[in-house]
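**Student:** 3D, please:
(one chain, ligands or ions: 1)
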Amino acid sequence: MTRESFARAVSARDLGEHPHLAPVDHLHAMATTSNLGRALNRLRGEDNSVAPAVVALVAGKLAKSGKGRTIRRYSRALADLVAKQALAEWLDPHCRTCHGARELIAGDSRIICQSCAGTGVHRYTQAQRNEAIGSQHARHIPAALAQAHHIISIAYSSSQHQAHHYLHCDE
Ligand SMILES: [Zn+2]
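**Tutor:** Got it, this is the predicted structure:
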């Protein structure tokens, strides 16, 4: 899924409703992160329909993660915006020049990509993030985004791990 189709999918529906949660919801038996993990797998697998539910799941965890801590508690509205941005970044992490290859082929030689200094990763600037989320939230954005990325990566890696485990148990 591209950032553009993700953006269309999440803006097309009311985030307050979760009509697409049901297909993943019945697989409750696995770990607590499984709903989000499975939804993330579907999102990465080009399933647009799950995008609003994924935003809602990440935002819900993000809004909850601030409670009772010394860090600021994020409003649901901010959590939704941050979740959308984090998911858009997660879906499209690669350098825009080399598309993650880290190098470019010029004739017979390969050269390190200058845009990303050979990391293959696109760097989102603070200005881009402030613009996407809202500059009035600027001072909360770095911490909130870091937390959202953490939620996403934990859920995704956990679901990958479980999928691997199941494949090997079914033999
Ligand atoms: Zn690059």
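**Student:** max-length helix in the chain?
**Tutor:** Assignment by DSSP state H gives helix 141-169 as the longest helix of the chain.
**Student:** list the buried residues for that one?
**Tutor:** For helix 141-169, burial by neighbour count (16 or more other C-beta atoms under 10 Å) applies to 141, 144-145, 147-149, 151-152, 155-156, 158-159, 162. Every C-beta, even on glycine, is put in place using the N, C-alpha and C of the backbone.
**Student:** where is pLDDT lowest across those?
**Tutor:** On pLDDT alone, Q162 ranks lowest of the buried residues of helix 141-169, at 72.
**Student:** state the next helix or strand along the chain beyond the lowest-mean-pLDDT helix or strand in the chain.
**Tutor:** Across the helices and strands of the chain, mean confidence by mean pLDDT, DSSP states H and E is lowest for helix 22-25: a mean of 42. Sequence-wise, the next helix or strand downstream of helix 22-25 (DSSP states H and E) is helix 34-44.
**Student:** other SSEs contacting that following helix?
**Tutor:** helix 22-25, helix 51-65, helix 76-91, helix 141-169 (3 or more C-beta pairs under 8 Å, 6 or more residues apart in numbering; DSSP states H and E).
**Student:** and those, which one averages the lowest pLDDT?
**Tutor:** helix 22-25 (a mean of 42).
**Student:** of all the helices and strands packed on helix 34-44, which lies closest to the ion?
**Tutor:** Smallest distance to the ion across those (C-beta to the ion): 15.8 Å, for helix 76-91.
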